[in-house]
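>>> Attaching a predicted model along with its sequence, questions to come.
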Amino acid sequence: MSYGILAVGECLGEPVSVAAEASRYLDDPRRIKASGYRGFHRASESTGVTDLAAEAGRRALAHAGLRPRDVDLVILAINDLAEYLYWDPATVTAEKIGVRGAEALLVNQACIGGVAAFDVAAGKFATHPEHRIVLLVAATRVCEPYWNRMDSSLALMSDGAAAAVLFRDHPRCTWLGTEVVSDGRYADISRLQVGGAAEPFRTGGGPVEPVENPVAGANRLLGNDMRAVIGFVRYDRERAREVVERACARAGRSIEQIDHLLGLHGTAQAIRDHAELLGVPLERTSAQVAADHGHFGCADQLIALGRLLDSGRLRPGDLVALSGSGTGMNWACTLLRA
């Protein structure tokens, strides 16, 4: 069983200058300005995550010269709330694209969903030999009442989506393997305190406080023990390298063979640290895309991959690593051969 990427499409919110909007989200904008971000994307109030996802899917199919009826499976990865609760955004996205009668699956593993979904696609190709085309879509739309896009994360959150057309036995940009490592001990670092089944929203209640900054969340979870926080940072780095090593081992490759590293669109320092951890030159990462456009949650790697494909810098045989971590905690890596 093998598959490759036939085409990639994206749909981003309106571009916004960090300098112009930082004071709207932060009392002290200096932190976000020092992070290296220059711009981000914000969707209109009437645009939902399924709207972004569907448009990215339509553009990817058009780029591939395919029609919605050609698709055998739609996989949607998201990392924020969809437009409604008790509602399936995957089937809604498929319907908006025009895909009918095919299965639609939802993947919701925070910022690694788009990377982990490649393994879901591989499993479906393996168990459904009649499947030829899978449309993988990763999308994020910040729910601003619950999430401060400049403070609830260490990264600057953007609104946007990317879609990849996965084609069985396609010889270009082929999937080599995916690995995921999970550890639920740190799941509570980032969570919304009210709104789930444990603490439902009440009619007539006041506004809900947004998700707290992950640094504050880590301090709370770890009892404000600085040694424990430092230990967690070290542990996070170890898992980030481990998951890439495991993906390389599964594909019969080594970290030293990675030509392009497309990770989360974190701060400039975070991207430098991740590149140094894996020994990949900064110019072979998605640092430039991150600085110009912000963090698209689970869509980062697909957006960066689409731009890398369009740039012509991807040579046949290049090894591309899509990697990242997400609250939960989860770490993931997917390897592709150009």
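Received the coordinates, thanks.

>>> Next up, the contacts around residue 253.
176, 319, 335 (C-beta atoms under 8 Å, 6 or more residues apart in numbering). Any C-beta I mention is one placed from the backbone N, CA and C, and that applies to glycine too.

>>> what number of residues lie near the last one?
Right, residue 335. Neighbourhood size, residue 335 [other C-beta atoms under 10 Å]: 25.

>>> Compile the contacts of residue 253 into TSV and extend it with columns for pLDDT.
Formatted as TSV, these follow (pLDDT from 0 to 100):
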residue	pLDDT
176	98
319	98
335	98
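
>>> Which ones among those residues map onto strands?
Taking DSSP state E, the ones among the contacts of residue 253 that sit in strands are 176, 319, 335.

>>> So which helix or strand of this structure has the lowest pLDDT on average?
The helix or strand of the chain with the poorest confidence is helix 214-221; it has a mean of 81 (mean pLDDT, DSSP states H and E).

>>> Return the member of the ones in strands among the contacts of residue 253 nearest to residue 87.
residue 335 (34.0 Å; C-beta to C-beta).

>>> can you pull the contacts of the residue lying closest to the closest one once chain neighbours are set aside?
Leaving aside its sequence neighbours, residue 335 sits nearest to residue 176 (C-beta to C-beta, 6 or more residues apart in numbering; 4.2 Å). Listed by C-beta under 8 Å, 6+ apart, the contact partners of residue 176 are 247, 250-251, 253, 319, 335-337.

>>> give me that answer again for 10 Å
Going by C-beta atoms under 10 Å, 6 or more residues apart in numbering, residue 176 touches 2, 118, 247-248, 250-253, 319-321, 334-337.

>>> now residue 273
237, 240, 266-267.

>>> which of those count as buried?
240, 266-267 (16 or more other C-beta atoms under 10 Å).

>>> Roughly how far does the residue nearest to residue 295 when sequence neighbours are not counted sit from residue 142?
Nearest non-adjacent residue to residue 295, counting by C-beta to C-beta, 6+ apart: residue 155, 3.7 Å away. Applying C-beta to C-beta, to the nearest Å, the value for residue 155 to residue 142 is 11 Å.

>>> can you check residue 316 too?
37 Å.

>>> okay, those two: which has more neighbours?
Using other C-beta under 10 Å, the more surrounded residue of residue 316 and residue 142 is residue 142, with 26 against 9.
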